[in-house]
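Undergrad: A structural model of the following input is requested.
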Amino acid sequence: VTALIDMKLEKHKNLSEESWFYWGEIQDGTLKFNRIEAEVAALRELKKEELIELFDEYIKVDAPKKKSMSICVYGSQHLKEMASDKDKVVSPFIEIEDIVGFRKSQPLYGSLKGCSQMKL
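TA: Coordinates of the predicted model:
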């Protein structure tokens, strides 16, 4: 965790890097220009036990709340392969037709909205 804190506290190396940071906040619409300081504060409160619990619950093999996602993109020249692979789909799955609508319905990850209520 300390290495991640050190990395986040590293100053921007040049004006271009700094401007990309600010433009990223503007484009995302989050406008959290103090994001780095807030993330560092949250990381400093993180305990080793909480990190291990998070790993055991969400990341390790056979974790109870582990999720996985597989995306397969086919070009127009490979419609036969796409048709044959559709028969091999493992349930449960969700096929998303309206990508823009789906993205708008999802929360903004990377935003610190409600960070104080977040349980790791």
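
Undergrad: any idea how far the worst-scoring helix or strand of the chain on mean pLDDT is from the chain center?
TA: Using mean pLDDT, DSSP states H and E, the weakest-scoring helix or strand in the chain turns out to be helix 79-86, at a mean of 75. Remark: helix 79-86 is offset 29 Å from the chain centroid, using Cα atoms, centre = their mean, to the nearest Å.

Undergrad: Repeat that for stretch 40-57.
TA: Taking mean C-alpha positions (Cα atoms, centre = their mean), stretch 40-57 and its chain are 17 Å apart.

Undergrad: Around residue 28, count how many other residues there are.
TA: As a burial measure, residue 28 scores 13 neighbours (other Cβ atoms under 10 Å). To be clear about C-beta, it is placed using only N, CA and C from the backbone, and glycine gets the same treatment.

Undergrad: er, residue 20 I mean
TA: 12.

Undergrad: all helices of the protein, in order?
TA: 2-9, 15-28, 35-45, 48-54, 79-86, 99-105 (DSSP state H).

Undergrad: Please identify the most buried of these.
TA: Neighbour counts (mean count of other Cβ atoms under 10 Å) averaged over each of the helices of the chain peak at helix 35-45, with a mean of 13.

Undergrad: before we move on, the earlier item: make CSV out of the helices of the chain and add distance to residue 65.
TA: Formatted as CSV, the helices of the chain follow (distance: least, Cβ to Cβ, whole Å):
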stretch, distance to residue 65
helix 2-9, 23
helix 15-28, 27
helix 35-45, 21
helix 48-54, 10
helix 79-86, 28
helix 99-105, 21
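
Undergrad: For the residue nearest to residue 22 when sequence neighbours are not counted, what are phi and psi?
TA: Leaving out its chain neighbours, the residue that sits closest to residue 22 by Cβ to Cβ, 6 or more residues apart in numbering is residue 33, at 6.7 Å. Per-residue torsions, residue 33: phi -70, psi -10 (degrees, to the nearest 10).
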